[in-house]
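Student: how would this look folded up:
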Amino acid sequence: MDRKIRETEARLAGIVESVMDAIITVDARHRVVLFNPAAEAMFGITADEVLGQPLTRFIPEKFRSTHDQFIRQFREAGATTRRMGALGAVNALRANGEAFPAEASISHVRIGDDHLATVILRDITERQRNEEARQLLAREVDHRAKNALAVAQALVSLTRAETIADYAQAVKGRLSALARAHSLLSEGAWQGADLDRTIADELAAYTRPGQSIVAGPAIRLAANAVQPLSLVMHELATNAVKHGALRHASGQIAVEWVMESDRRLAISWTETGGPPVAPPCAKGFGSRLLNDVIRNQLQGDLRLDWAPSGLRVTILLNDCFDALENRRSAAGAPAAEPARQQSDASARCVLVVEDEALVALELSSGLEDLGWSIIGPASSLESARKLAGQTAIIDAAVLDINIAGQLVYPLARELRERGVPILFCSGYDAVDAGGGLADVPILSKPVNIGALHRTLRDISILPDRSPGAA
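Tutor: Predicted coordinates for the structure are as follows:
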């Protein structure tokens with residue numbers, strides 16, 4: 001019998017020594033009496049240093065009182081085993097002071113007058129990181145999808161045409177440009193796209209073989225520049241079809257680019273072989289799109305030359321690309337008006353902060369139609385702060401939460417301290433409550449202009465001065 005007991009004890013000892021989970025046993029005074037090798041590895045300390053020491057040394061200080069209460073209630077309840085913490089997760093402390101999450105279960109046994117409690121622990125740091133990454137990915141996918149819908153809605157609502165057929169064709173063309181940009185980004189795992197592919201794919205939809213030249217050093221566009229530049233190329237190409245070089249079979253478009261000495265990317269669009277051109281009498285949606293996308297969203301510059309031989313466009317961009325290697329491949333818009341810097345103080349003034357040029361254009365146009373005077377729109381936190389500093393009276397502010405990869409919360413707090421009512425218009429469904437902004441109204445993209453107007457009217461506590469507004 002003694003031999004069998006010794007054999008059983010040896011097997012149990014072997015299991016305790018070899019398991020991958022940490023096993024810690026404490027007595028009635030919460031002093032460690034067993035600390036297996038896995039526990040040594042998990043906590044970064046040897047059993048010899050731990051035996052006889054209080055278990056609380058492995059519990060973050062702010063959780064120690066809760067732990068003592070749990071152990072006491074556990075013993076009084078008479079249960080023999082139980083998972084610990086919310087969903088079995090507890091907070092533990094390594095010997096070096098590093099806190100980490102662990103999955104834990106506890107059991108206890110009574111031997112004579114002594115109570116022994118055994119905790120089995122598994123480090124779930126990596127699992128928790130993976131879960132947080134999964135949740136972040138899901139949130140970003142949702143945000144990206146809503147932003148895409150908002151951009152598409154803006155294209156549809158802002159498009160103007162003389163006939164239904166022209167309207168349908170214009171909307172279809174612009175949505176197709178978005179789809180091509182989406183495909184390029186998807187191919188590149190949403191990390192960016194090659195400049196020559198971005199341009200050539202757009203021109204291919206409107207040119208015959210030999211009608212276009214796409215040439216320049218290999219450039220990798222940043223992800224946030226692919227869609228805007230695709231839309232710019234689309235507007236220029238459709239303008240060439242209607243009024244420029246692509247009206248004639250002999251017409252040609254050359255798109256070339258160079259890296260200038262100050263790491264500025266210069267893209268030139270040159271049309272030849274078409275009818276004589278002249279600046280248009282009126283500025284339409286295409287003009288505003290080119291201006292807002294290049295100057296506001298991409299923080300670049302735009303120059304247009306209506307030469308009789310054909311339209312020439314120069315686009316200057318900074319910080320939205322990486323130069324790679326030299327590569328050469330074959331594959332009309334009116335002058336733009338500057339962004340508004342000041343608003344009429346006699347009207348209701350709303351600051352619009354939105355980094356998607358089309359969405360900003362839709363919000364601004366819709367609110368202007370309802371009687372608001374627009375400050376901006378601003379496509380970066382820096383430009384938003386500059387506009388706010390230049391404007392004495394701001395009746396309200398519409399803020400996207402993610403502005404070019406930066407959270408808008410600091411700006412939101414600054415505006416609030418100044419007494420400016422704010423609301424969020426974003427692809428995110430929740431506001432960072434920890435930032436003291438949980439009570440800020442939030443409208444989910446794509447936004448309804450009527451709902452935005454009513455919410456702005458409510459938070460700014462101003463009478464409705466727009467004719468026929470609901």
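
Student: beta-bridge partners for V26, please?
Tutor: Beta-bridge partners for V26, by DSSP bridges, are V32, A117.

Student: how near is it to I449?
Tutor: 64 Å (Cβ to Cβ, to the nearest Å). Glycine gets a C-beta too; all of them are placed from N, C-alpha and C.

Student: could you check which of the two is surrounded by more residues?
Tutor: Per other Cβ atoms under 10 Å, whichever of V26 and I449 has more neighbours is V26, with 23 against 16.

Student: that one and A117 touch, don't they?
Tutor: Yes: judged on Cβ atoms under 8 Å, V26 makes contact with A117 at a distance of 5.4 Å.

Student: got the phi/psi numbers for G244?
Tutor: Reported as degrees, to the nearest 10, the phi and psi values for G244 are phi -120, psi -140.

Student: count of neighbours near it?
Tutor: Neighbour count for G244, taken as other Cβ under 10 Å: 24.

Student: doesn't T272 make contact with it?
Tutor: No: in this structure G244 lies outside contact range of T272 using Cβ under 8 Å: 9.6 Å.

Student: pull out the buried positions in the host helix or strand of A388.
Tutor: Per DSSP states H and E: A388 is located in helix 381-390. Of the residues in helix 381-390, 381, 383-385, 387-388 count as buried by neighbour count, 16 or more other Cβ atoms under 10 Å.

Student: could you do stretch 171-183 as well?
Tutor: Buried-residue list, stretch 171-183, by 16+ other Cβ under 10 Å: 171, 173-174, 177-178, 180-182.

Student: could these go into TSV alongside distance to H234 and pLDDT?
Tutor: Formatted as TSV, those follow (distance: Cβ to Cβ, whole Å; pLDDT from 0 to 100):
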residue	distance to H234	pLDDT
V171	12	70
G173	7	72
R174	6	72
A177	4	74
L178	9	74
R180	8	78
A181	9	77
H182	13	73
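
Student: any idea of the mean pLDDT for whichever strand in the chain runs longest?
Tutor: The longest strand of the chain (DSSP state E) is strand 99-111. Mean pLDDT, strand 99-111: 83.

Student: packing partners of it?
Tutor: helix 64-77, strand 81-83, strand 89-93, strand 114-123, helix 125-158 (3 or more Cβ pairs under 8 Å, 6 or more residues apart in numbering; DSSP states H and E).

Student: between that strand and strand 114-123, how many degrees?
Tutor: Computed by axes from the mean of the first three to the mean of the last three Cα atoms, to 10 degrees, the angle separating strand 99-111 from strand 114-123 equals 150 degrees.

Student: am I right that R208 sits in a helix?
Tutor: No: read with DSSP: H, G, I helix; E, B strand; the rest coil, R208 is coil and lies in no helix.

Student: and the residue nearest to it when sequence neighbours are not counted, what pLDDT?
Tutor: In space, and not counting its chain neighbours, R208 is closest to A249: 7.0 Å by Cβ to Cβ, 6 or more residues apart in numbering. pLDDT recorded at A249 is 85.

Student: roughly how far does A249 sit from W269?
Tutor: With distances taken as Cβ to Cβ, A249 is found 20 Å from W269.

Student: ditto for P446
Tutor: From P446 across to W269, the span is 31 Å (Cβ to Cβ).

Student: can you give me the helices in the stretch 251-400 of the chain?
Tutor: Assigned by DSSP state H, counting those that start in this stretch, the stretch 251-400 of the chain shows helices spanning 285-291, 357-369, 381-390.

Student: how about TSV for the ones you listed, with mean pLDDT added?
Tutor: Shown next, in TSV, are these (pLDDT from 0 to 100):
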stretch	mean pLDDT
helix 285-291	79
helix 357-369	84
helix 381-390	90
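
Student: on the pLDDT front, check the spatially closest residue to E103 that is not a sequence neighbour for me.
Tutor: Spatially, and ignoring its direct neighbours in sequence, E103 is nearest to R122 (4.5 Å; Cβ to Cβ, 6+ apart). Per-residue pLDDT puts R122 at 89.

Student: and A41, by the same measure?
Tutor: We have a pLDDT of 91 for A41.

Student: how close does it sit to V19?
Tutor: A41 is 11 Å from V19, by Cβ to Cβ.

Student: swap in S364?
Tutor: Distance of S364 to V19, given as Cβ to Cβ: 64 Å.

Student: look at the two and report which has more neighbours.
Tutor: Ranked by neighbour count (other Cβ under 10 Å), S364 and V19 place S364 first, with 23 against 13.

Student: bridging residues for the nearest residue to the more buried one once chain neighbours are set aside?
Tutor: Nearest residue to S364 in three dimensions, chain neighbours excluded: I374, at 4.6 Å (Cβ to Cβ, 6+ apart). Note on I374: beta-bridge partners V350, judged by DSSP bridges.
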